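1. Coordinates only, no sequence provided:
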């Protein structure tokens, strides 16, 4: 079922790569525009952090879950807001998921732009679909990759 699609990070990503990317981003050295997402856990209430790649497209900002329905996605759905940190700057944002069928065309545009920007990093999580794919091909995998519109609070 697509709603449960999730590609768990391996031990190297979890223990080495994510901490390095998050650490550099917190130092103000974001890799390719990365930020550290902090979102309150839906059960624990503790803030959980992970590196993300915010995307700006046509004047709107988005977060795309390349790995699928991750813990940060589930937490963000419940919390509705999060913090994005780059260096010393932390911004509180509200997040609205593009889950409505009326948002399908927007989600396809966002996924295409996201893959253009970060396929070198996350392309493996999109099952062979890339930025040059047809709208139909992107729409077919869209439910596997949650997308949130983020706005400053």
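-> Structure received. Remember, predicted model here, so these are calculated numbers, not experimental data.
2. Give me the contact list for the helix ranked longest in the chain.
-> When the chain is scanned for its longest helix (criterion: DSSP state H), the result is helix 104-122. In this structure, residues lying in contact with helix 104-122 by C-beta atoms under 8 Å, 6 or more residues apart in numbering are 32-33, 53, 55, 57-58, 62, 64, 66-67, 98, 123, 126, 129-131, 133, 135, 138-139, 141-142, 145, 147. Backbone N, C-alpha and C define where each C-beta goes, glycine included.
3. Could you identify the helix or strand that succeeds that helix?
-> helix 135-141 (DSSP states H and E).
4. longest strand in the protein, by residue count?
-> Longest strand of the chain, by residue count under DSSP state E: strand 89-97.
5. in its sheet, what does it sit against?
-> As defined by DSSP bridges, the strand partners of strand 89-97 come to strand 81-86 (antiparallel), strand 147-152 (antiparallel).
6. Report the angle between the last one and helix 104-122.
-> So that's strand 147-152. Here strand 147-152 runs at 90 degrees with respect to helix 104-122, directions being taken by axes from the mean of the first three to the mean of the last three C-alpha atoms, to 10 degrees.
7. With the first one instead?
-> Angular relation of strand 81-86 and helix 104-122 on a 0 to 180 degree scale: 40 degrees, by the same axes, to 10 degrees.
8. How far away from the center of its chain is strand 81-86?
-> Relative to the centre of its chain, strand 81-86 is centred 12 Å away, using C-alpha atoms, centre = their mean, to the nearest Å.
9. swap in the last one?
-> Here strand 147-152 is found 10 Å from its chain centre; the criterion is C-alpha atoms, centre = their mean.
10. which parts of it are buried?
-> Of all the residues in strand 147-152, those buried under the rule 16 or more other C-beta atoms under 10 Å are 147-150.
11. got a list of contacts for that strand?
-> Residues external to strand 147-152 that are found in contact with it (C-beta under 8 Å, 6+ apart): 54, 60-65, 76, 82, 84, 91-98, 107, 110-111.
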